[in-house]
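A.B. asks: What would the 3D arrangement of this be:
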Amino acid sequence: MSLKRLLPLLALLAGCSGSRSGASSAADTATSRVNVQPAGSARSIPIVALRALAGGGGLRAYLLPALAPASWTVGGRTSPVEAVIGMDDAGRRLLYRDSAGVVDAFDLVAYRERPVEADSTEVRRRSIVALAPNGTLYAVLPDGAVIESEPFASNRWPNRLGRGVRAAFAGVGGSLVAIRHAAADTLLLASREAGISLQEPVPSAAARAASRDGDAVAFATDSGVVVFEEREPQNPWFVRLKGSPVTAAFTPSGHRLYVALRTSSELAVVDRFTRRAVASVPLPAPADALRMDPWGRAVLVHPAGPNPDETWIVSMAGNRVSGRVSTTWAADLPTVSEDGALLAREGANVVARDIHSLDSLGTVLEGAPDLWFVGRWKPTTSPEVLREAARESAPRPARPTPAARPPAAPPSAPAEGAPQVWVQVSVSQNEKASRELAADLERTGHAAKVIAPSSPGDGWRVVVGPYASRSAADSAGRLLGRPYYILEPGPQGPLRE
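C.D. replies: Below is the predicted model:
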């Protein structure tokens, strides 16, 4: 199919999406080695690596960046784990495939394994999964049925997508973008409420990539990349590249797109706002896979050809190869933690290295056969949490009542009539989960609110603020210890407390 035929289709698909602002592009070039903690260091949640034994059993926790064994006892047991899907941003559950290929979730609050899919012959043929930023998992079964799973429940959609789905992405506002193959590829846009709302033929692509929040999707064609985004649904754009793209990946903010070329020893860097290739990164050889540092400091590059057990680290600040590590490549590792630790399998061990210098920070001997999850988490039964709870419940001495004073305005509050800038933490179709997240943020000292959907396709937004400027909001967002997005001039629609 020609590019001319593709562009109207992409415009139609983008037009079906909801509205969401992009993330701060400052995260794309972050080089700080400081472990940024949420407000209130005594209540901060540590950054950990959780180890699930390949043969099943109890989880083991290691504190990053040094991979030091944690003193916590993690309750419960997992089935034998075959592949990692991910850990949700709130640190409430781990998602993975068991040895039968079934998608399971381990509840990090109740310490229980909860199957996302029923164990059946149909499921054993493998599902296609997509993980949304808010932790919602979509599993498309081989018969086209869709399971939407959140920490508190998993439910099947009333309608099916049909057989032959080969790729899926979490879209905006609880939607799902899927590629279904029969005689040719067909792009589907679907939601639980509306079912399939778009169904159009699309050309085969070497690779497809979506931005983290689903507001942009790129197709790698023979001659370049086509990108559509919800901000300008009538104007999909195309960037011609010198080589034939083999894979692509958006930066965490969605500001740029890195593209590996089939016969060229370089990465092309496409700027999403200028809509052109703005740089190239020389590589030792052609690459066949890319993986983003979730915090925007580096791109992990897997080489094609004779050295598959090696990873090149590309500095996003300098657009250059800053180092290389001998390691195997799997769904879980290598990866980069929030505090700048590169975790990788090296021989039989798992090693943590500084993402900038590649100095060794710690090692788990014989850890390579097992599966690894990285994120912020602390069990509710840990000694630190119990001591904190005891301090909060202890009686406090009475204090003299101070003289009445006029209340002080919050330092970051905008002046009357000034634009209000907010930090968006999540958007979900589930009101209960959104309010629970807002309550968790308020307990750690953040001024969080829940904004009700402004349209049928919108979701429940959890925001923090408001702030008087984008820079103030960005500074506050970095203290959250989780991915965030800047909304300006401010969220619309009524607040429901």
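
A.B. asks: Pass me the low-pLDDT residue ranges in the stretch 1-150 of the chain, would you?
C.D. replies: Flagging of the stretch 1-150 of the chain using pLDDT under 70 yields the residue ranges 1-43, 90-91, 118-125.

A.B. asks: All the helices of it, residue numbers only.
C.D. replies: With DSSP state H, counting those that start in this stretch as the criterion, the stretch 1-150 of the chain has helices at 3-15, 121-124.

A.B. asks: how is this structure carved up into domains?
C.D. replies: 3-376, 421-487 (automatic domain parsing).

A.B. asks: Over to the shortest one now: how far is its first residue from its last?
C.D. replies: Translated: domain 421-487. 6 Å (C-alpha to C-alpha, to the nearest Å).

A.B. asks: So what's the gap between that domain and the chain middle?
C.D. replies: Mean-position distance between domain 421-487 and its chain equals 16 Å (C-alpha atoms, centre = their mean, to the nearest Å).

A.B. asks: what about that domain, average pLDDT?
C.D. replies: Mean pLDDT, computed over domain 421-487, is 78.

A.B. asks: that older thread, adding mean neighbour count, write the domains of the chain out as TSV.
C.D. replies: Backbone N, C-alpha and C define where each C-beta goes, glycine included. Converted to TSV, those look like this (neighbours: other C-beta atoms under 10 Å):
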stretch	mean neighbour count
domain 3-376	19
domain 421-487	20
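
A.B. asks: So what sits opposite Val374 in the bridge?
C.D. replies: Legend: beta-bridge partners of Val374 under DSSP bridges are Ala49.

A.B. asks: what pLDDT does it get?
C.D. replies: 94.

A.B. asks: and it, how far is that from Val423?
C.D. replies: 23 Å (C-beta to C-beta, to the nearest Å).

A.B. asks: do Phe106 as well
C.D. replies: For Phe106 relative to Val423 (C-beta to C-beta), the value is 29 Å.

A.B. asks: cool, and Val84?
C.D. replies: Applying C-beta to C-beta to Val84 and Val423 gives a distance of 29 Å.

A.B. asks: so where's the stretch 301-450 of the chain uncertain?
C.D. replies: In the stretch 301-450 of the chain, residues with pLDDT under 70: 307, 380-419.

A.B. asks: where do the strands sit along it?
C.D. replies: 310-315, 320-326, 335-336, 341-346, 349-354, 360-364, 371-376, 421-428, 448-451 (DSSP state E, counting those that start in this stretch).

A.B. asks: Show me what the third one is packed up against.
C.D. replies: What that stands for is strand 335-336. strand 298-303, strand 341-346 (3 or more C-beta pairs under 8 Å, 6 or more residues apart in numbering; DSSP states H and E).

A.B. asks: Same list (these) but as CSV, adding distance to Pro245.
C.D. replies: Formatted as CSV, these follow (distance: least, C-beta to C-beta, whole Å):
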stretch, distance to Pro245
strand 298-303, 14
strand 341-346, 26
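
A.B. asks: Arg180 is nearest to which of those strands?
C.D. replies: Among those, strand 298-303 comes nearest to Arg180, with 27.5 Å by C-beta to C-beta.

A.B. asks: Paired strands for the closest one, with orientation please.
C.D. replies: Partners of strand 298-303 in its sheet, by DSSP bridges: strand 287-292 (antiparallel), strand 310-315 (antiparallel).

A.B. asks: Can you add distance to Leu50 and give these back as CSV?
C.D. replies: What follows is the strands paired with strand 298-303, written out as CSV (distance: least, C-beta to C-beta, whole Å):
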stretch, distance to Leu50
strand 287-292, 19
strand 310-315, 22
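
A.B. asks: what bridges to Gln199?
C.D. replies: Leu188.
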